[in-house]
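1. Predicted model follows, preceded by the sequence.
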Amino acid sequence: MSSSNALDTLTDLAREARDKAGQLLASERNNEQQILAHHQMLVDYRAEYAVQLQQLMLQGIDPVTLYNYRQFLMSLDESIQKASHALQQQSGLVDKSKLSWQQKQQKLTSFTTLNDRRTSAAQTALARKEQQQTDEFANHRRANSQTNHLRLITSGEED
């Protein structure tokens, strides 16, 4: 396998790895947003229930209803705490996925840069070769022209 094909293969593999890492990152971010939305819903729901409890307490509430409200608020607090923990874990997964994507992007950029340099070097070499051929052609033409000119001068003197 030539170095050109090997580099192209490595570039393609790096691009695929970067794309997969990007898809994973998008999925992890989506999960994070869902967990965040669930967490916010629980917080909002708890706040509504707390307001309802305060209103009932101002109006007068029987002890059983008060107990039930407090138990329910405590269960909401536990759910909020679990959702907060899940959100922290998911944020960690997002950070890891982001770092992985960045590393894969950096690797792809390195291969792309090497490929660009190789292409540029090949173009420079081709341009030099073409210039050399043009120079040789021009020198050959000049040499022929001078030879023909000398022949004309020499043949004109012989007359």
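-> Perfect, thanks for sending it.
2. Remind me which helix or strand Ile61 belongs to.
-> Per DSSP states H and E, Ile61 falls between elements, in no helix or strand.
3. again, but for the one 3 residues further on
-> Remark: Val64 resides in helix 63-158, with elements defined by DSSP H and E.
4. starting at the chain centroid, how far to that helix?
-> 11 Å (C-alpha atoms, centre = their mean, to the nearest Å).
5. And it, what does it pack against?
-> helix 3-59 (3 or more C-beta pairs under 8 Å, 6 or more residues apart in numbering; DSSP states H and E). Bear in mind the C-beta positions are built from the backbone N, C-alpha and C, glycine included.
6. How far does the helix it packs on sit from its chain's centre?
-> Put simply, helix 3-59 sits 17 Å off its chain's centre (C-alpha atoms, centre = their mean).
7. just checking, what packs against that helix?
-> By 3+ C-beta pairs under 8 Å, 6+ apart, helix 3-59 packs against helix 63-158.
8. which stretches of the protein have low pLDDT?
-> Within the chain, the ranges that satisfy pLDDT under 70 run 1-4, 146-159.
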